[in-house]
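> sequence first, then the predicted structure:
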Amino acid sequence: MSPSTWTISELAREFDVTPRTIRFYEDQGIVSPAREGRNRIFGPRDRTRLKLALRGKRLGLQLSEIRSLIDMYDGPGDTDVQLRQYQSVLAQHRAMLEQQRRDIDDTLREIAEQERQCSDLLAHKS
């Protein structure tokens with residue numbers, strides 16, 4: 001491989017993912033490696049797109065959001081527009097996560113109350 005191309009195994013090691021994960025992103029159109037016989041050869045564009053996809057996954061973004069953001073950066077578009085779109089996606093995701101945190105906090109309070117009531121009932125039976 002040249003310094004600006006990678007095999008699926010090399011990318012899998014670099015990003016600590018399985019080759020199957022990379023093939024999944026290929027199936028989804030996020031990366032488009034060249035072929036040399038049966039071997040996939042990934043260029044700098046593929047490496048960058050894979051890196052962005054994995055970052056989006058770590059952030060908890062949906063595949064459609066990841067694809068949209070990556071495709072937007074691939075085009076000749078205006079950087080301000082791209083950044084605003086990314087900012088909007090992040091704000092929506094943050095709001096969803098904050099709601100999930102509130103829901104979890106509410107559930108934990110309910111569990112604590114139920115545990116307290118159980119303890120009280122057990123104490124009165126003794």
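Structure's in. What do you need?

> can we go C-alpha only for contacts and neighbour counts from here?
OK.

> following element in sequence after the helix or strand hosting R40, please.
Element membership of R40, judged by DSSP states H and E, is strand 39-41. Downstream of strand 39-41, the next assigned helix or strand under DSSP H and E is helix 44-59.

> ok now that next one, how far from the chain's centre?
9 Å (C-alpha atoms, centre = their mean, to the nearest Å).

> same thing with stretch 114-123?
Chain-centre distance of stretch 114-123: 41 Å, with C-alpha atoms, centre = their mean.

> what of stretch 35-49?
With C-alpha atoms, centre = their mean, you get 21 Å for stretch 35-49.

> so which bits of that stretch are buried?
Buried residues in stretch 35-49, defined by neighbour count with 16 or more other C-alpha atoms under 10 Å: R40, I41, F42, G43, D46, R47, R49.

> make TSV from the residues you listed and add distance to S4 and pLDDT to it.
Listed next are these as TSV, based on distance: C-alpha to C-alpha, whole Å; pLDDT from 0 to 100:
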residue	distance to S4	pLDDT
R40	14	93
I41	10	96
F42	8	97
G43	6	95
D46	11	94
R47	10	95
R49	14	93
